[in-house]
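# Sequence first, predicted model second:
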Amino acid sequence: MNPGYLGSRFVPYCSPIFVRRVAPLKTGKGILEIDFLNACYAEGVQNFRATRFRILLRGENYLIGHLLNDTTDVRSAVVSHIEFAWLERFCPEIIQTHPPWEMDPLYSGSVSLYLDRIFGLGPA
């Protein structure tokens, strides 16, 4: 997300999210309503509901858009599938706290199952 919340320049931050629901608003303006869990939010894991996201760019494997809210803040976000290399680069504390190589191969072989497990979304 850009801008982020910290520093005098509000440096962007990266966080894995778990998308629970996506619904197009059918306005013709490329706006989606998304429910998601933000794992590395500044105030801890947060559940966001009915967040409006206006698509600016559709890539083959990602979306770039604006997060719409009731304030004048304009925040941009990139939504895409992530892999272990992404976690190692942008969220190393997750990998350090929960080393995937110490888990069952089911979890160490899939970043989605791994994140589900450590954030309590999947089987133990």
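Everything's here; your move. Numbering: from 1, shown residues only.
# For the most centrally placed residue in the chain, give me phi and psi.
By CA atoms, centre = their mean, the chain has its centre lying nearest to Ile17, at 2.7 Å. The phi/psi pair for Ile17 (degrees, to the nearest 10) reads phi -120, psi 150.
# Now do the same for the residue lying closest to Phe18 once chain neighbours are set aside: helix, strand or coil?
In this structure, Phe18 finds its nearest non-sequential neighbour in Leu37, 4.2 Å apart by CB to CB, 6 or more residues apart in numbering. Every C-beta, even on glycine, is put in place using the N, C-alpha and C of the backbone. Under DSSP: H, G, I helix; E, B strand; the rest coil, the three-state class of Leu37 is strand.
# what sits against Leu37?
Shown in contact with Leu37 (CB atoms under 8 Å, 6 or more residues apart in numbering): Ile17, Phe18, Arg20, Val45, Gln46, Asn47, Phe48, Phe119, Leu121.
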